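give me a 3D structure for the following:
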Amino acid sequence: MSDKKADVLVWGPMHAALTQNLDRDFTVHNRWEIKDLDAWAAEHADKVRGVITSGVFGTDNALLDRLPNLQVVNSFGVGYDAVDTAYLARRGIQLSNTPDVLNNAVAETAMALMLCVSRRISQAERFVRAGQWTTGKFPLGNDLCGKTCGIVGLGKIGKTIAKRAAAFDMNIAYFRRGEPYADVSYTHYGDLQELARASDCMIVIVPGGPETQHLINRDVLKALGPKSYLINVARGSVVDEKALVASLLASEIAGAGLDVFEDEPNVPAELMSLDNVVLTPHIGSGTYETRQAMADLVFANVSAYFADGSLVTPVQL
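Numbering: from 1, shown residues only. Below is the predicted model of the structure:
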């Protein structure tokens, strides 16, 4: 029997459709609207059995400690590095995310950034708007056709990116520690610097977290070289941002397309000032269709859990 009026704590403002559905079927407590957390906790904390959050908001263990009957955390987004999974596992709290439904949108963002930085699209648009076309010629860009697209992280999104890049007649290579995937014909590199040396454009699409912290460091960037580009649609933590700035200023790489940053929404001033860098505000999954699908999947997870204890897309902790 469905427990439709279960109490849930929503960490931050969510997609409108998700908000509407949660308000209809559950007793919702909005974390960002709580003025006096102690007073709220004294009255409601022991009733909360679910938390809805996102990769942007994450969770705070100090607050979760105050929810003695918490059973499940449902996260809006595929990445869950902002949630302490070890903590959830210790308490036996389940976790869900929203995989697969955003693969196409993130892959399109990666391709857009690769096109923008290699063909200087953003720079060219500024050139026209500034009225410079009437007095000068715009510099040439670089083809993608025939070039090598190196993918750091050939998961589901990585494979979707590979298909898009292959449609541009690019050669595909990927990095994976250990043995190559048996069902993939793309060129495999077990050494990240070797992949960087082979890549004309290197796209980063690995999960965030301690295991990938600063995976892309100064040595990798130097290996990428002065004619090649870095694209990051993963997490800002995966790239050593200070090393990236230093490499760009030293012309050790040709440019970068960045959708994610180490301290969002704060972007280093040095990156802002460089014409060979394309910057977007973490819009990888930012389409109407994809965000609706993500909202639907979060709600499906919440509903399933409070109906029969199952999750549509559980994360193995």
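
switch to C-alpha atoms for all contacts and neighbour counts from now on
Will do.

tell me where the stretch 101-250 of the chain has strands.
Assignment of strands within the stretch 101-250 of the chain using DSSP state E, counting those that start in this stretch yields the ranges 148-152, 171-175, 187-189, 201-204, 229-232.

rebuild those as a markdown table, extending it with mean pLDDT and mean neighbour count.
Listed next are the strands of the stretch 101-250 of the chain as a markdown table, based on pLDDT from 0 to 100; neighbours: other Cα atoms under 10 Å:
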| stretch | mean pLDDT | mean neighbour count |
| --- | --- | --- |
| strand 148-152 | 98 | 27 |
| strand 171-175 | 98 | 22 |
| strand 187-189 | 98 | 19 |
| strand 201-204 | 98 | 27 |
| strand 229-232 | 98 | 26 |
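
just the CA atoms of stretch 255-275, as PDB, please.
The C-alpha atoms that make up stretch 255-275 are tabulated as PDB, following Å, rounded to 0.1, in the frame of the first residue of the first chain:
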ATOM      1  CA  GLY A 255      42.300  26.100 -25.600                       C
ATOM      2  CA  ALA A 256      39.500  24.700 -23.500                       C
ATOM      3  CA  GLY A 257      35.800  24.300 -23.400                       C
ATOM      4  CA  LEU A 258      34.500  24.200 -19.800                       C
ATOM      5  CA  ASP A 259      31.000  23.500 -18.500                       C
ATOM      6  CA  VAL A 260      32.100  22.800 -14.900                       C
ATOM      7  CA  PHE A 261      34.400  24.400 -12.400                       C
ATOM      8  CA  GLU A 262      36.100  23.700  -9.100                       C
ATOM      9  CA  ASP A 263      34.200  26.300  -7.100                       C
ATOM     10  CA  GLU A 264      30.900  26.900  -9.000                       C
ATOM     11  CA  PRO A 265      29.600  29.500  -9.700                       C
ATOM     12  CA  ASN A 266      32.900  31.200  -9.200                       C
ATOM     13  CA  VAL A 267      35.100  31.100 -12.300                       C
ATOM     14  CA  PRO A 268      38.800  32.200 -12.200                       C
ATOM     15  CA  ALA A 269      39.300  35.700 -13.700                       C
ATOM     16  CA  GLU A 270      42.200  34.300 -15.800                       C
ATOM     17  CA  LEU A 271      39.800  32.000 -17.600                       C
ATOM     18  CA  MET A 272      37.300  34.900 -18.200                       C
ATOM     19  CA  SER A 273      40.000  36.900 -19.900                       C
ATOM     20  CA  LEU A 274      41.200  34.200 -22.400                       C
ATOM     21  CA  ASP A 275      39.700  34.200 -26.000                       C
END
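
related to what we said a few turns ago, turn the strands of the stretch 101-250 of the chain into a markdown table, columns for distance to V267.
Output for the strands of the stretch 101-250 of the chain, formatted as a markdown table (distance: least, Cα to Cα, whole Å):
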| stretch | distance to V267 |
| --- | --- |
| strand 148-152 | 23 |
| strand 171-175 | 27 |
| strand 187-189 | 31 |
| strand 201-204 | 18 |
| strand 229-232 | 14 |
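
wait, which of those is closest to I52?
strand 229-232 (26.8 Å; Cα to Cα).

that closest one packs against which elements?
helix 103-118, strand 201-204, strand 255-258 (3 or more Cα pairs under 8 Å, 6 or more residues apart in numbering; DSSP states H and E).

same list (those) but as TSV, adding distance to S75.
Formatted as TSV, the helices and strands packed on strand 229-232 follow (distance: least, Cα to Cα, whole Å):
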stretch	distance to S75
helix 103-118	16
strand 201-204	22
strand 255-258	23
